[in-house]
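**Q** Sharing a model that was predicted from the sequence below.
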Amino acid sequence: MTRSRTAAVLAVAAVLPAFLTGCAAEGNATRSARAAATRSSDGAATAAGTTIPAVQGARSPATSPDPAGSAGRGAGATRDASAGRPVRSPVKPVQVPAGVTAGYAVVDVTTGKTVAQKQAHHRFRSASVVKILIATDYLERHKGKIPARDMALLTPMLRGSDDDAATALWRRGGQGEIVRRMARRIGLTETAPPPAAKPGFWGYTAISAADIALVYRYLLRRAEPRVRDFVLGNLRKASQCARDGFDQFFGIPRAVPRPWAIKQGWSGFGAVPPVKCTRTKATSYRIGAITISGNPVDFGRPVLHTTGVIGDRLIMVVLTLQPSGASFTQSAQRVTKLARDLYLSVA
């Protein structure tokens with residue numbers, strides 16, 4: 001070996017330990033970064049495929065709300081509205097019509113992941129969407145065969161959104177206690193009974209898109225089969241014309257293909273439409289604003305909601321506040337377009 005070649009070998013040998021130490025340090029740093037990247041903002045860490053949830057008071061990570069919204073998370077990171085876990089949404093939020101406040105969530109039934117959401121934890125007054133809770137609560141408290149007189153209330157309430165039937169079952173179930181029981185059972189964090197000054201107004205129940213998505217997941221995955229089959233079976237047979245004469249085929253029923261099971265909600269458009277069902281005119285109706293101290297739910301503007309299960313694949317919940325004085329027809333068109341755009345974004 002020549003003198004110059006020997007010197008080169010010795011030089012390489014001198015720097016090799018430092019080089020290897022640097023590689024190990026870089027490898028450890030990379031592994032640490034990857035481990036940190038898998039740690040969710042609610043403290044859950046994944047290691048070797050095992051999720052270890054952090055304790056957050058009395059709430060589990062599966063149902064805890066996201067008080068910070070998307071603040072502090074990376075671009076594109078969102079919180080799973082159905083399970084409370086940060087996930088990366090594959091789609092951008094769809095455009096909400098001008099003047100409309102919307103909260104929506106779309107959940108993949110198979111994985112339980114929220115694939116699209118916007119203001120999923122914003123609270124709205126429920127209108128008739130609360131009838132799902134009324135029916136589920138009744139069925140879970142009454143075992144065995146449903147008496148004919150109760151069947152005559154439950155079926156039209158679910159299929160035709162019958163308000164009188166809902167009022168009867170609401171009173172018999174303890175009014176706001178229905179909501180409290182179901183919130184505890186399912187783990188709803190934004191759902192609350194009507195204001196104390198309006199205990200009989202079941203339509204003033206506070207809900208969020210994230211919570212209603214959890215209600216549908218509960219029916220699909222956790223409820224007793226007799227409860228699941230009765231509630232969803234009737235929602236699959238929802239009639240186009242509701243008992244009050246309004247056309248309830250807006251949003252999901254007109255935006256996505258069958259099969260679907262739906263529960264709609266509307267409030268602030270008058271007691272009855274000027275022309276029943278499909279021929280509703282674009283006439284404006286308003287309800288008076290109600291100020292309840294400490295309650296952030298808007299009781300003044302009209303609301304129009306479309307919720308349900310689409311096929312065996314998706315849960316979609318779209319809750320909206322419409323502009324003051326908005327007509328039912330125009331509002332229905334806006335909600336239908338929003339539901340269609342949302343469906344196409346994830347289909």
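**A** Sure thing, it's come through.
**Q** got the residue ranges for the helices in the stretch 51-200 of the chain?
**A** 131-141, 148-160, 163-172, 176-186 (DSSP state H, counting those that start in this stretch).
**Q** Out of those, the one nearest Lys237 is which?
**A** helix 148-160 (5.4 Å; Cβ to Cβ). The C-beta positions use only the backbone N, C-alpha and C, and glycine is treated the same way.
**Q** now that closest one against helix 131-141, angle please.
**A** 150 degrees (axes from the mean of the first three to the mean of the last three Cα atoms, to 10 degrees).
**Q** which outside residues touch helix 148-160?
**A** 131-132, 134-135, 138, 142, 146, 162, 165-166, 168-169, 230-231, 234-235, 237-239, 241-243, 263 (Cβ atoms under 8 Å, 6 or more residues apart in numbering).
**Q** Now which of the residues you listed would you call buried?
**A** 131-132, 134-135, 138, 146, 162, 165-166, 168-169, 230-231, 234-235, 238, 241-243, 263 (16 or more other Cβ atoms under 10 Å).
**Q** nearest spatial neighbour of Asn234, skipping sequence neighbours?
**A** Closest residue to Asn234 apart from its sequence neighbours, by Cβ to Cβ, 6 or more residues apart in numbering: Leu158 at 3.8 Å.
**Q** Ok, Pro194 next?
**A** Nearest to Pro194 is Tyr204, by Cβ to Cβ, 6+ apart, at 3.8 Å.
**Q** Would you mind confirming that that neighbour is in contact with Pro195?
**A** Yes: judged on Cβ atoms under 8 Å, Tyr204 makes contact with Pro195 at a distance of 6.4 Å.
**Q** In this structure, where is pLDDT below threshold?
**A** Within the chain, the ranges that satisfy pLDDT under 70 run 1-91, 274-275, 278-295.
**Q** That one: strands as residue ranges?
**A** Ranges of strands in the chain, per DSSP state E, are 45-47, 50-52, 77-79, 86-88, 101-108, 114-118, 124-125, 206-207, 260-267, 303-310, 314-321.
**Q** Of all these, which one is nearest Ile186?
**A** strand 206-207 (11.8 Å).
**Q** Next, the buried residues of stretch 169-176.
**A** Here stretch 169-176 shows Leu169, Trp170, Gly173, Gln175, Gly176 as buried, counting by 16+ other Cβ under 10 Å.
**Q** Need the distance between the two termini of that stretch.
**A** From its first residue to its last, stretch 169-176 covers 12 Å (Cα to Cα, to the nearest Å).
**Q** Stretch 194-210 too?
**A** OK, stretch 194-210 end separation, Cα to Cα: 19 Å.
**Q** Stretch 209-225 now?
**A** Stretch 209-225: ends 24 Å apart by Cα to Cα.
**Q** With stretch 172-180 instead?
**A** Span of stretch 172-180 from end to end, Cα to Cα: 15 Å.
**Q** picking up where we left off before, JSON lines please, covering the strands of the chain and showing distance to Leu344.
**A** As requested, the strands of the chain are exported to JSON lines (distance: least, Cβ to Cβ, whole Å):
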{"stretch": "strand 45-47", "distance to Leu344": "32"}
{"stretch": "strand 50-52", "distance to Leu344": "32"}
{"stretch": "strand 77-79", "distance to Leu344": "19"}
{"stretch": "strand 86-88", "distance to Leu344": "20"}
{"stretch": "strand 101-108", "distance to Leu344": "11"}
{"stretch": "strand 114-118", "distance to Leu344": "11"}
{"stretch": "strand 124-125", "distance to Leu344": "24"}
{"stretch": "strand 206-207", "distance to Leu344": "25"}
{"stretch": "strand 260-267", "distance to Leu344": "15"}
{"stretch": "strand 303-310", "distance to Leu344": "12"}
{"stretch": "strand 314-321", "distance to Leu344": "12"}
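**Q** Relative to Ser331, which of these is closest?
**A** Here strand 303-310 is closest among the strands of the chain (Cβ to Cβ), at 4.7 Å.
**Q** Name every strand pairing with that closest one and say which way it goes.
**A** strand 260-267 (antiparallel), strand 314-321 (antiparallel) (DSSP bridges).
**Q** follow-up on the earlier one: between the buried residues of stretch 169-176, which sits nearest Arg125?
**A** Gly176 (13.7 Å).
**Q** residues in contact with the closest one?
**A** Gly176 touches Pro193, Pro194, Pro199, counting by Cβ under 8 Å, 6+ apart.
**Q** swap in Val129?
**A** By Cβ under 8 Å, 6+ apart, the neighbours of Val129 are Ile207, Ile212, Lys263, Gln264, Gly265, His305, Thr307, Leu319.
**Q** returning to that earlier point: how about the helices of the stretch 51-200 of the chain, which one is nearest Asp247?
**A** helix 148-160 (11.7 Å).
**Q** now the closest one and helix 163-172, what's the angle there?
**A** Using the same axes, to 10 degrees: helix 148-160 against helix 163-172 is 130 degrees.
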